[in-house]
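>>> Here is the input, now give the coordinates:
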Amino acid sequence: MIGRLALVVSALLLGCKSASDEAKQSSPPPETHDAPPIETRVNADSAWTALTTQLEFGPRVPGTESHRRCGDWLVSELKRYGAQVEEDTWSYSDTATTTWPLRNILGHLGPAGNGRLLLVAHWDTRPWADEDPDPKRWNQPIPGASDGGSGVAVLLEVARVLEGETLPRGVDILFADGEDLGRRGNPEGYCRGTRRFAERPLTAYWRGIVLDLVGDIDLHLKIEQYSLARAPEVVDWIWQRGAALAPDVFSQEMGTAIIDDHIPLLDAGLPTVDVIDFEYGPWHTHADDVGAVSAASLVAVARVVASLAQTP
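Numbers count the residues shown, from 1 in each chain. Next comes the predicted model:
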């Protein structure tokens, strides 16, 4: 009796196991939901709003009320996206009579520690339209839609999409002031904000990317020569991602050599690349306004930069 009962129980167990195995084999595999790439979160409307809001303040010439109000707004936007913000204020005198009050704004995102990625755009606008076809307007400030506004808009959009993300490395966003105070007779007036920033130790940083004039409605980003000569590995890193995400924008052609905000950082030992469309007709003219720029251009650059910020 005990032996027969054992056989029955054994048979029942084998039947249950067989049925369980069949159920497992017939059940569909569990679904997996991989998060979409971070660059897909870049939004044309918010990037465009970040640009047009700057223009609504008026020309962001250091020392003006428009400049002060825009700077306060940049601080609040970075904080809204979860950044820890620090500011650095100082003054620059270009003559015995002209002193410019300047303000660098630095937002820290992601984990603390070294190996950080530095993203840079200047937020001031040029006080003079010295390339304007109308000489009567040479002493009037430019709107700065692409020259200033576009790089800032891209980095604000990058900060927005990075909010709440677990980043593989820290990302710092520097809105540099006083980039455009130079003249033909005073080249020392250029890049005052990054010159100031480069006075501090940069050992916490891994690589740097400068964005300037990236809003052109017909945007083509050629490779800047100083960047290639002094930071070729960073050029390759950026342009490979650009070829994958925005091949119509990131050109494989060689551009010109440009003195821009990347030079003080390179001189301080940080491998930094200038992402710039210097073939921009409205440069330093009053035509550098909302009609010369495109949301599509902002989106293309923001997608690439956001993707790079997620690189381990």
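>>> show me where pLDDT drops low in this protein?
1-34, 96 (pLDDT under 70).
>>> which residue is nearest the centroid of it?
The centroid of the chain falls nearest to Leu155 when counting by C-alpha atoms, centre = their mean (3.5 Å).
>>> tell me which element it is part of?
Per DSSP states H and E: Leu155 is located in helix 151-162.
>>> What ranges does this protein have for its helices?
2-26, 44-57, 65-80, 151-162, 192-197, 225-230, 232-245, 262-267, 295-309 (DSSP state H).
>>> helices or strands next to the second one in the packing?
In terms of contact count using 3 or more C-beta pairs under 8 Å, 6 or more residues apart in numbering; DSSP states H and E, helix 44-57 is assigned the packing partners helix 65-80, helix 151-162, helix 295-309. Backbone N, C-alpha and C define where each C-beta goes, glycine included.
>>> among those helices, which is the most enclosed?
Compared across the helices and strands packed on helix 44-57, helix 151-162 shows the largest average neighbour count, a mean of 27 (mean count of other C-beta atoms under 10 Å).
>>> Quick one: work out the angle between that helix and helix 295-309.
Angle, helix 151-162 to helix 295-309, by axes from the mean of the first three to the mean of the last three C-alpha atoms, to 10 degrees: 50 degrees.
>>> Report the distance from stretch 130-147 to the chain centre.
26 Å (C-alpha atoms, centre = their mean, to the nearest Å).
>>> contact partners of it?
Contacts to stretch 130-147, defined as C-beta atoms under 8 Å, 6 or more residues apart in numbering, come from residues 51, 54-55, 59-61, 124-129, 149, 180, 183, 212-216, 277, 280, 282-290, 292-293.
>>> Keeping just the C-alphas, turn it into CSV.
Backbone C-alpha positions of stretch 130-147 (Å, rounded to 0.1, in the frame of the first residue of the first chain) are rendered in CSV as follows:
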residue,chain,number,x,y,z
ASP,A,130,31.1,96.9,-36.1
GLU,A,131,30.4,94.6,-39.0
ASP,A,132,27.0,96.1,-39.8
PRO,A,133,26.6,97.5,-43.3
ASP,A,134,25.2,100.7,-41.9
PRO,A,135,28.1,102.7,-40.3
LYS,A,136,25.5,104.8,-38.4
ARG,A,137,24.7,101.7,-36.3
TRP,A,138,28.2,100.6,-35.5
ASN,A,139,28.0,101.9,-31.9
GLN,A,140,24.7,100.1,-31.1
PRO,A,141,24.7,96.7,-29.5
ILE,A,142,23.7,93.6,-31.5
PRO,A,143,20.7,91.4,-30.6
GLY,A,144,22.9,88.3,-30.2
ALA,A,145,20.5,85.6,-31.3
SER,A,146,23.2,83.2,-32.5
ASP,A,147,26.3,85.0,-31.1
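>>> in it, what's buried?
131-132, 141-147 (16 or more other C-beta atoms under 10 Å).
>>> and if you look at stretch 262-278?
In stretch 262-278, counting by 16+ other C-beta under 10 Å, buried: 262-266, 268, 270-278.
>>> Tell me the span between the first and last residue of that stretch.
Separation of the first and last residues of stretch 262-278 by C-alpha to C-alpha, to the nearest Å is 14 Å.
>>> hmm, back to that, check which helices and strands the helix holding Leu155 is in contact with.
Here helix 151-162 touches helix 44-57, helix 65-80, strand 99-109, strand 116-122, strand 171-176, strand 205-212, helix 295-309, going by 3+ C-beta pairs under 8 Å, 6+ apart.
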